[in-house]
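[1] just coords:
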Ligand code: GLN
């Protein structure tokens with residue numbers, strides 16, 4: 001714990017953390033030492049972790065990187081984090097992120113953007129760590145923690161893991177409880193680990209999985225021993241390559257990394273076949289309609305009365321207006337407006353209901369493919385880490401960065417991003433393995449071999 005706290009100190013320029021909890025961590029470490037010495041160690045005893053700042057942590061500031069949650073100290077703990085503390089893990093701090101997890105660079109944080117450790121501020125130019133769990137990916141890549149927790153609504157664990165050269169897994173929707181996670185889009189949000197190895201991902205995923213009566217969408221299914229299931233190899237498995245993901249204009253280095261991943265799986269005895277996911281081209285539009293609709297509804301609760309910031313006004317309405325205008329950043333306001341529009345009476349059927357139908361078709365595409373293959377291999381991101389200014393003026397270009405990750409959330413599937421070599425610019429590229437519902441074990445194993 002002391003070594004990680006020292007590394008947090010040495011990497012302050014990366015802005016990975018919003019809140020650090022050094023005193024609490026040292027006290028917990030003492031307790032862990034005592035348990036280890038007396039033979040009472042729990043599964044994660046003494047493991048120092050970083051937690052994305054959209055998980056409610058009792059008694060510890062939780063901001064979701066938004067001004068509107070100023071000073072919000074939750075009186076309760078999220079289920080995922082409470083499972084970690086019960087297993088003996090130690091909280092080092094809460095990590096930086098895009099405001100309310102809306103973004104692909106972590107640049108919408110009210111607390112300033114975190115920086116990708118593959119290009120330090122002292123190198124001159126910086127590149128983004130990806131988002132929205134950018135701080136968690138930076139914290140892991142910069143070795144300031146043993147592992148971190150992120151959340152993934154449309155790629156927010158996998159894409160920053162890819163851009164920072166580490167491992168990130170989004171489990172099946174319903175595998176982990178969403179209780180106590182600051183909600184973005186409830187039908188898409190899932191928690192998951194960001195780690196330096198697939199083995200670590202298996203161990204942490206094990207600890208946070210399981211049914212929770214406090215989340216009606218968490219699934220009452222037993223949790224396999226993910227760590228014990230690792231190491232079987234991929235011999236005899238069938239791996240699908242969706243032809244719709246081979247988009248025209250795919251950068252040569254991304255294509256090369258993908259081909260090398262395919263070769264590694266073939267060399268290990270897997271059979272690689274082409275599959276088709278015909279509705280992929282509608283995914284981006286459907287995702288942003290559904291995500292923004294749910295966000296506009298979820299974010300209605302920030303009214304200046306119940307949480308965080310309150311800007312006084314002459315009347316109640318005036319207070320609402322001033323608090324929300326000042327408390328939410330530009331990207332969040334854009335999404336609330338679009339989300340409110342697509343849910344409004346005259347447009348609901350044209351946009352929201354249509355998007356839900358497209359979502360069902362996208363899920364059916366995957367389930368059809370999984371009749372003939374055990375998992376899919378695709379790139380995690382169409383680009384390596386880019387400079388912070390890129391796409392800043394063009395929200396739609398920024399949303400396109402999520403092209404390979406959002407389909408997985410729409411379909412509720414598990415997927416991992418593992419390191420997949422380097423881009424021509426020397427920055428990391430990720431490979432993504434997508435699996436059948438609740439088959440995280442295969443996803444982890446294929447990812448382990450493909451990297
Ligand atoms: N970049 C996507 C978005 O902005 C995904 C975010 C996420 O997974 N939280 O919605």
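    On my side now, so go ahead. Note that this is a predicted model, so its numbers are computed, not measured.
[2] buried ones in the one helix or strand residue 397 maps to?
    According to DSSP states H and E, residue 397 maps onto helix 395-399. With burial defined by 16 or more other Cβ atoms under 10 Å, the residues of helix 395-399 counted as buried are 395, 398-399. Heads up, the C-betas are built off the backbone N, CA and C, glycines and all.
[3] of all the residues you listed, which comes closest to the ligand?
    Out of the buried residues of helix 395-399, the one with the shortest distance to the ligand is residue 399. That distance is 6.9 Å, counting by Cβ to the nearest ligand atom.
[4] Tabulate the buried residues of helix 395-399 (CSV), appending distance to the ligand and pLDDT.
    Compiled in CSV, the buried residues of helix 395-399 are given as follows (distance: Cβ to the nearest ligand atom, whole Å; pLDDT from 0 to 100):
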residue, distance to the ligand, pLDDT
395, 10, 79
398, 8, 78
399, 7, 78
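[5] Would you mind confirming that residue 406 makes contact with residue 154?
    Yes. Counting by Cβ atoms under 8 Å, residue 154 is a contact partner of residue 406 at 4.2 Å.
[6] And the helix or strand bottoming out on mean pLDDT in the chain, what does it pack against?
    For the chain, using mean pLDDT, DSSP states H and E, the weakest element among its helices and strands is helix 395-399, scoring a mean of 78. Here helix 395-399 touches no other helix or strand, going by 3 or more Cβ pairs under 8 Å, 6 or more residues apart in numbering; DSSP states H and E.
[7] Name the residues that touch it?
    Outside helix 395-399, the residues within contact range by Cβ atoms under 8 Å, 6 or more residues apart in numbering are 103-105, 284, 288, 331, 334, 391-392.
[8] quick one: which of the residues you listed is nearest residue 375?
    Nearest to residue 375, judged by Cβ to Cβ, of the contacts of helix 395-399 is residue 284 at 22.7 Å.
[9] so what pLDDT did the closest one get?
    The predicted local confidence for residue 284 comes out at a pLDDT of 94.
[10] Tally up the residues packed near it, please.
    One way to gauge burial is a neighbour count; for residue 284, by other Cβ atoms under 10 Å, it gives 18.
[11] which residues touch it?
    Contacts here follow Cβ under 8 Å, 6+ apart; on that basis residue 284 touches 399-400, 402-403, 406.
[12] ranges for the helices of the stretch 51-200 of the chain?
    79-86, 134-141, 158-164, 198-208 (DSSP state H, counting those that start in this stretch).
[13] can I get these in TSV with distance to the ligand?
    Output for the helices of the stretch 51-200 of the chain, formatted as TSV (distance: least, Cβ to the nearest ligand atom, whole Å):
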stretch	distance to the ligand
helix 79-86	15
helix 134-141	11
helix 158-164	7
helix 198-208	17
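[14] quick one, strands of the stretch 201-350 of the chain?
    According to DSSP state E, counting those that start in this stretch, the stretch 201-350 of the chain carries its strands in the segments 238-242, 271-275.
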